[in-house]
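**Q** Compute the structure for the input listed below.
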Amino acid sequence: MRTHIVYAHPHNGSLNAALRDEAVQTLEALGHNVTVSDLYAMNWKAVADYDDFGPTENEHFMAAAGEAWGKGEIAEDIKAEQAKLLDADCVIFQFPLWWYTVPAILKGWFDRVFTNGFGYGTSRDWPRFGDGVLKGKRAMVVVTTGAAESHLSDRGVNGSIDDLLFPLQHGVLFYPGMQVLPPVVITGAVHRFGESEYADAVKLLRSRLETIAETEPIAYRKQSEDYDEDKRLLPGLEPEGTTGFALHIAR
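**A** Reported below is the predicted structural model:
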């Protein structure tokens, strides 16, 4: 199995760096061919702009991006990352949760790599939400949080971790067709995170990596099957009382 890790943390002596190394070692021991995009080490350019394209007179950014994609004039660093995704069977996205979302460098990676023509298209019938260029590939989020598990529960002050990760897992990864596995969430990653907590985190991570090929993905609903022409969920599909993000997961 070919597994690619997109990693975003600036400190190579961090908990995230240690977990990244554990992941690589575990996957390689399982026979995976592992590659890593360490965004900080790569000095990844995080801003999507016209420098990502060849010469263009198109002032509409999305249109200019699509034009450049069609001509093969996308920046070389973007092409390299897209090639890694296309070559992988599974992609792991690892990062600390900063201000309820991914670090800016990872957001910039998505902005630039999932460009018009690759991650999305502007036509009405472009395949999305369960279909697309990355259809069939597995994706898994590995995230550390300073907040404790109780803070990220259904009644927690931070909100449910499933709700916090929904925009990323459903809106970014499932959108171009990836099968999104339940996340690996390491909570309470603060100064009190000692040897015992680290051992538990490694145990959790290893157990999830050992079953990464068999784990059932989150049952997000496919746009092509469960929504009407206005992209609204067809009536009768939701359990009684279901609202919000949960509507878009088949129970």
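
**Q** Could you list the domains of the chain?
**A** For the chain, automatic domain parsing gives the domain ranges 2-217, 221-251.

**Q** is it true that K71 touches G54?
**A** Yes: contact status for K71 versus G54: in contact at 6.6 Å, counting by C-beta atoms under 8 Å. For the C-beta atoms, the positions are set from N, CA and C on the backbone; glycine is no exception.

**Q** thinking again about what came up before, return the most buried member of the domains of the chain.
**A** The highest mean neighbour count among the domains of the chain, using mean count of other C-beta atoms under 10 Å, belongs to domain 2-217: a mean of 17.

**Q** Can you give me the distance of the nearest residue to A219 once chain neighbours are set aside to T242?
**A** Closest residue to A219 apart from its sequence neighbours, by C-beta to C-beta, 6 or more residues apart in numbering: A250 at 4.2 Å. Remark: distance between A250 and T242 (C-beta to C-beta, to the nearest Å) = 11 Å.

**Q** tell me how far stretch 155-174 is from the chain's mean position?
**A** The chain centre lies 11 Å from the centre of stretch 155-174; the measure is C-alpha atoms, centre = their mean, to the nearest Å.

**Q** so how far does that stretch reach from one end to the other?
**A** Using C-alpha to C-alpha, to the nearest Å, the end-to-end distance of stretch 155-174 comes out at 26 Å.

**Q** for it, what is the average pLDDT?
**A** Mean per-residue pLDDT for stretch 155-174: 95.

**Q** Same question for stretch 66-76.
**A** Across stretch 66-76, the average pLDDT comes to 91.
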